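**Student:** output the structure for:
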Amino acid sequence: MIVGKHMTRNPAVIGPDDSLSSAQEKMRSGDFRRLPVVLNGRLIGIVTDRDLRRCMGLLEKVKVNAVMTEILVTVSPNDTIEKAAQLMLMHKIGGLPVVEENKLVGVITTSDLLQTFLDVMGASEEGTARIDFLTGGEAANLTEASKVLQEQGAEILGLGTHREKWDGDSIFYLRLRSTDPNRLAEILKRRGFTVVGVHV
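**Tutor:** Sure, this is the predicted structure:
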């Protein structure tokens, strides 16, 4: 997964000589918390709602370039989603400008990352459930679990492994669409799997 597939393209921007009141209006109308500052197509800074709060009462008089952050943390559209998430956590920021050849091409935010996470897990669709389970040897592996559930008419939307362990064993999960995930969990148990959770 790369940033370019999940970023917001053509984001709203502001100029360095615009007033903070203009920035505030753009943030309010678009429900943004930050605005890239662009001059002649180049990203030169970013202004945030925190910057505006520091200048309340002076927004008409103060220009964007007086308060914008000029040392920027950015990503490229070819960077991974994981890198974007790591940078946001490291710098405690909620969004990153996406830059290619010194030009702003998009913005990726925490909301974009959360939506990507839900999409990958198959959890962004209604009527889905997740079954967490342990495998039980050669006959009870992830492939066999998928086969069992498909035989029961379940549509599998995502699968994977949790990093945490359960009594030393890996926990696997299957995200599926089914009207009765508890029945499917019982079938897995009968086939030798240890079900540790059903999440609707």
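**Student:** shaky segments in the chain?
**Tutor:** 136-140, 168 (pLDDT under 70).
**Student:** show me the helices in the protein, by range?
**Tutor:** 20-30, 49-54, 81-91, 110-121, 142-151, 181-190 (DSSP state H).
**Student:** among those, which is nearest E60?
**Tutor:** E60 sits nearest to helix 20-30 of all these, at 4.9 Å, using CB to CB. To be clear about C-beta, it is placed using only N, CA and C from the backbone, and glycine gets the same treatment.
**Student:** got a list of what the residue nearest the centre of the chain touches?
**Tutor:** Centroid-nearest residue in the chain: L113, 1.2 Å away (criterion: CA atoms, centre = their mean). For L113, the contacting residues are H6, I81, A84, A85, M88, by CB atoms under 8 Å, 6 or more residues apart in numbering.
**Student:** same check, this time on V196
**Tutor:** D132, F133, L134, W166, I171.
**Student:** ok, and the most crowded of the residues you listed?
**Tutor:** Using other CB atoms under 10 Å as the neighbour criterion, F133 leads the contacts of V196 with 22 neighbours.
**Student:** that one is in contact with A145, isn't it?
**Tutor:** Yes - here F133 reaches A145: they are 6.6 Å apart, a contact under CB atoms under 8 Å.
**Student:** pull up the overlap in contacts between these two.
**Tutor:** F172, L174, L188, F193.
**Student:** just the strands in this protein please.
**Tutor:** Counting by DSSP state E, the chain has strands at residues 8-9, 34-39, 42-48, 95-100, 103-109, 128-134, 155-166, 169-177, 194-199.
**Student:** can you redo those strands as JSON lines with distance to S76?
**Tutor:** Converted to JSON lines, those look like this (distance: least, CB to CB, whole Å):
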{"stretch": "strand 8-9", "distance to S76": "14"}
{"stretch": "strand 34-39", "distance to S76": "15"}
{"stretch": "strand 42-48", "distance to S76": "12"}
{"stretch": "strand 95-100", "distance to S76": "6"}
{"stretch": "strand 103-109", "distance to S76": "9"}
{"stretch": "strand 128-134", "distance to S76": "33"}
{"stretch": "strand 155-166", "distance to S76": "27"}
{"stretch": "strand 169-177", "distance to S76": "30"}
{"stretch": "strand 194-199", "distance to S76": "36"}
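**Student:** out of the ones you listed, nearest to V67?
**Tutor:** strand 42-48 (6.4 Å).
**Student:** list the buried residues in the closest one.
**Tutor:** By 16 or more other CB atoms under 10 Å, the buried positions in strand 42-48 come out as L43, I44, G45, I46, V47, T48.
**Student:** dump stretch 89-97 to PDB, restricted to CA.
**Tutor:** Coordinates of the C-alpha atoms in stretch 89-97 are reproduced here as PDB (Å, rounded to 0.1, in the frame of the first residue of the first chain):
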ATOM      1  CA  LEU A  89       3.500   9.000  15.400                       C
ATOM      2  CA  MET A  90       7.100  10.100  15.700                       C
ATOM      3  CA  HIS A  91       6.400  13.800  15.100                       C
ATOM      4  CA  LYS A  92       2.900  13.700  16.800                       C
ATOM      5  CA  ILE A  93       1.200  15.200  13.800                       C
ATOM      6  CA  GLY A  94      -2.200  14.400  12.200                       C
ATOM      7  CA  GLY A  95      -1.300  14.900   8.600                       C
ATOM      8  CA  LEU A  96       1.500  15.000   6.100                       C
ATOM      9  CA  PRO A  97       1.900  16.900   2.800                       C
END
